[in-house]
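>>> need a 3D model of the following:
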Amino acid sequence: MTAKTPIRTVFDGEGNATGLAEFQSGEFVGLTHGGLGASLSIGSAGQVLKVNSGGSALEFGAVEAIVNIDNATNLESATLASTDKFLVSDGGTEGRATLAQIATATKDTTVTLTNKTLSGASNTFSNIPTSAISFSGSTISGITNLTAGGINIVGNSITSADSTVIQMGESLSITGSLTQSGNTITLGTNTSGRILVADGSGFTSQDVTSLAEISSVANDDVFLAIDTSGGGLKKIARSAVVSGLASSSAISNVVEDTTPQLGGDLDAQGNDVEDVGYYSHRSPDATVTQTLAVTVVTKTTEHTAYGDGSSSGYAINGHEGPVLQLSQGVYKFDQADSSNSGHPLRFYDTADKNAEYTTNVTTSGTPGQAGAHTTITVTKATPSVLHYQCSAHANMGSVANVVGSESPRVTDGLSGESGVSLTMPSASGTIGTQAFCIAQAIALG
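Take a look at the predicted model:
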């Protein structure tokens with residue numbers, strides 16, 4: 001069937017019908033008479049019939065001109081599901097598609113993000129090869145778990161998937177504070193005994209022996225020390241070290257110093273000067289008694305008579321057979337210790353005990369029992385040399401030198417045979433005016 005041309009009534013200028021005629025191109029029936037209100041030609045493929053922009057006629061137009069998105073129902077606050085539908089144009093064919101189809105179509109596409117922020121809260125980025133990640137001025141935030149090869153980022157923690165060391169191929173710059181929860185920092189060089197030293201640009205591992213050496217210690221030099229009362233490692237001035245050592249018991253010996261020197265007088269403050277070849281004691285005056293504790297011990301090489309006489313020997317204040325230096329005063333040799341039983345201490349003119357010295361010497365009690373002692377008052381008249389020995393056994397004691405004695409004592413034999421001669425000024429003269437004591441026989445030739 002061929003297309004038909006509609007006819008129309010022809011009117012004259014006064015509106016009177018005069019006849020019929022075919023519709024001509026450009027002619028149309030108005031909307032008020034049931035027409036289209038416009039002269040139409042068929043539109044393009046995919047177009048639809050719509051009201052024109054003036055609302056006065058119908059016309060063909062594109063689909064997007066029909067859907068008024070701005071005035072459509074507002075679904076901006078709605079949660080979209082994968083089954084929700086959208087209008088799409090597929091190469092000129094309009095239709096509907098689901099959100100799942102859109103996700104499938106876009107997941108394999110490549111998008112370059114520039115200065116964008118990715119918020120990955122409660123999301124996981126995984127199986128992303130290093131070569132596929134390239135950032136330029138971009139920020140990734142809100143990621144709670146990121147796995148890339150052997151590295152796990154969970155919250156604020158970066159860990160190794162196999163609990164090994166996380167290695168960084170380049171330098172790491174930290175602008176804030178670095179908190180190390182463990183106790184070990186591993187460096188490239190970890191030789192035992194090395195320390196970290198700042199060299200002006202960073203910290204390096206150095207051996208203590210490689211540090212610059214100070215040839216002399218100045219008064220304002222400082223040392224490092226551990227404060228045992230709390231506070232850890234601190235600095236201390238040289239002057240504080242010297243002052244602290246001088247006022248405490250920190251110095252127990254000066255063995256390391258083979259040539260010690262004193263900057264002033266040595267004040268022993270009543271303490272003993274020991275192991276210097278003699279043992280010195282001083283009694284302030286005759287009203288003050290200096291007490292010396294006597295014990296009996298098995299001799300060692302420390303005893304001056306080791307290997308001679310008895311195998312036992314006296315120890316004075318814990319020192320074996322010391323040579324005593326006694327100044328004027330009162331000295332009480334306390335023998336209350338039980339080890340003194342059977343070993344009375346007495347004074348003699350010689351080690352062989354030729355004659356006992358008893359002047360200003362008193363004894364009391366039984367050795368080895370409480371209250372037992374031998375007391376001697378030393379004056380300038382006391383012989384310069386005495387020997388303290390056990391009255392019952394040989395060579396248990398040693399020598400007692402009297403400082404300030406005005407009674408020198410001759411204890412060696414004098415004879416022509418020994419090569420020692422005693423010269424008299426004349427047959428009837430005297431030897432000086434000073435009194436002296438001859439403790440042994442003198443052989444005159």
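>>> where's the nearest residue to G307 once chain neighbours are set aside relative to S398, distance?
Beyond its immediate neighbours in the sequence, the residue positioned closest to G307 (Cβ to Cβ, 6 or more residues apart in numbering) is K299, lying 7.8 Å away. In this view, the C-beta of every residue, glycine as well, is placed from N, C-alpha and C. Distance of K299 to S398, given as Cβ to Cβ, to the nearest Å: 11 Å.
>>> need the overlap of contacts for the two.
Residues touching both K299 and S398 by Cβ atoms under 8 Å, 6 or more residues apart in numbering: A305, G321.
>>> could you report the neighbour count for A315?
Using other Cβ atoms under 10 Å, A315 is surrounded by 20 other residues.
>>> ok, it - contacts?
Going by Cβ under 8 Å, 6+ apart, A315 touches V294, T295, V296, V297, G321.
>>> tally of neighbours for V29?
Neighbour number of V29 under other Cβ under 10 Å is 15.
>>> same check on I151?
I151 has 13 neighbours, counted by other Cβ under 10 Å.
>>> so which residues of this structure form helices?
Assigned by DSSP state H, the helices in the chain fall at 99-106, 238-246.
>>> ok, of these, where does mean pLDDT dip lowest?
The weakest mean pLDDT among the helices of the chain belongs to helix 238-246, with a mean of 73.
>>> which helices and strands sit right next to that helix?
Where contact means 3 or more Cβ pairs under 8 Å, 6 or more residues apart in numbering; DSSP states H and E, helix 238-246 is packed against strand 222-227.
>>> could you check the angle the strand it packs on makes with helix 238-246?
50 degrees (axes from the mean of the first three to the mean of the last three Cα atoms, to 10 degrees).
>>> render the CA-only coordinates of strand 222-227 in CSV, please.
The C-alpha coordinates for strand 222-227 follow below in CSV (Å, rounded to 0.1, in the frame of the first residue of the first chain):
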residue,chain,number,x,y,z
VAL,A,222,84.0,15.7,82.0
PHE,A,223,83.5,12.0,82.2
LEU,A,224,80.5,9.8,81.6
ALA,A,225,79.2,7.8,84.6
ILE,A,226,76.1,5.7,85.5
ASP,A,227,74.1,7.4,88.3
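>>> what's it in contact with?
With contact meaning Cβ under 8 Å, 6+ apart, strand 222-227 is reached by G232, L233, K234, K235, I236, A237, R238, V241.
>>> what about the residue nearest to G307, distance to A351?
Remark: distance between K299 and A351 (Cβ to Cβ) = 15 Å.
>>> the more surrounded of the two?
Neighbours were counted for K299 and for A351 using other Cβ under 10 Å; K299 has more, 22 against 19.
>>> now the residue nearest to G307: phi and psi?
Dihedral pair for K299: phi -60, psi 140, per degrees, to the nearest 10.
>>> and it, what pLDDT?
Confidence for K299, expressed as pLDDT, is 95.
>>> same check on the one 5 residues further on?
As summarised for this prediction, T304 has a pLDDT of 88.
>>> what sits against it?
By Cβ under 8 Å, 6+ apart, T304 lies in contact with E320, G321, P322, V323, S398, V399.
>>> thinking again about what came up before, filter the contacts of A315 down to just the ones in strands.
V294, T295, V296, V297 (DSSP state E).
>>> tell me, how many residues neighbour I214?
8.
>>> distance check, the nearest residue to it once chain neighbours are set aside against V241.
With sequence-adjacent residues excluded and distances taken as Cβ to Cβ, 6+ apart, I214 is closest to D221, at 6.9 Å. D221 is 10 Å from V241, where distance means Cβ to Cβ.
>>> okay, these two: which has more neighbours?
The neighbour comparison of D221 against V241 (other Cβ under 10 Å) goes to V241, with 16 against 12.
>>> so what are the domain limits for this protein?
By the assignment in automatic domain parsing, the chain contains the domains 7-61, 117-159, 279-410.
>>> mean pLDDT lowest for which of those domains?
Among the domains of the chain, domain 117-159 has the lowest mean pLDDT, at a mean of 63.
>>> could you dump the helices of the chain to JSON lines with distance to A212?
Shown next, in JSON lines, are the helices of the chain (distance: least, Cβ to Cβ, whole Å):
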{"stretch": "helix 99-106", "distance to A212": "66"}
{"stretch": "helix 238-246", "distance to A212": "17"}
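>>> which of the contacts of strand 222-227 are buried? Put it as a ChimeraX command.
To isolate the buried subset of those in ChimeraX, counting by 16 or more other Cβ atoms under 10 Å, use the following:
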select :241
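>>> and F333, how many neighbours does it have?
F333, neighbours per other Cβ under 10 Å, totals 25.
>>> do A355 as well
There are 11 residues near A355, going by other Cβ under 10 Å.
>>> and if you look at T291?
By other Cβ under 10 Å, the burial measure for T291, its neighbour count, is 15.
>>> now for it: which residues touch it?
Applying Cβ under 8 Å, 6+ apart, we find T291 in contact with Y331, K332, D334.
>>> what's the spacing between Y306 and S364?
Distance of Y306 to S364, computed by Cβ to Cβ: 30 Å.
>>> the more surrounded of these two?
More neighbours surround Y306 than the other of Y306 and S364, with 15 against 11 (other Cβ under 10 Å).
>>> leaving out sequence neighbours, find the closest residue to the more buried one.
Among residues not flanking Y306 along the chain, K299 sits closest, at 5.0 Å (Cβ to Cβ, 6+ apart).
>>> assess the claim that A218 and S239 are in contact.
No: look at A218 against S239 with Cβ atoms under 8 Å: they stay out of range, at 10.1 Å.
>>> compare the two (neighbour count), which wins?
Set A218 next to S239 and count neighbours by other Cβ under 10 Å: S239 wins out with 12 against 8.
>>> grab the nearest non-local neighbour of the more buried one.
N219 (5.6 Å).
>>> run a quick neighbour tally on that neighbour.
Using other Cβ under 10 Å, the number of residues around N219 comes to 8.
>>> next, the contact list for R194, please.
S205, Q206, D207, V208.
>>> make it 6 Å
S205, D207 (Cβ atoms under 6 Å, 6 or more residues apart in numbering).
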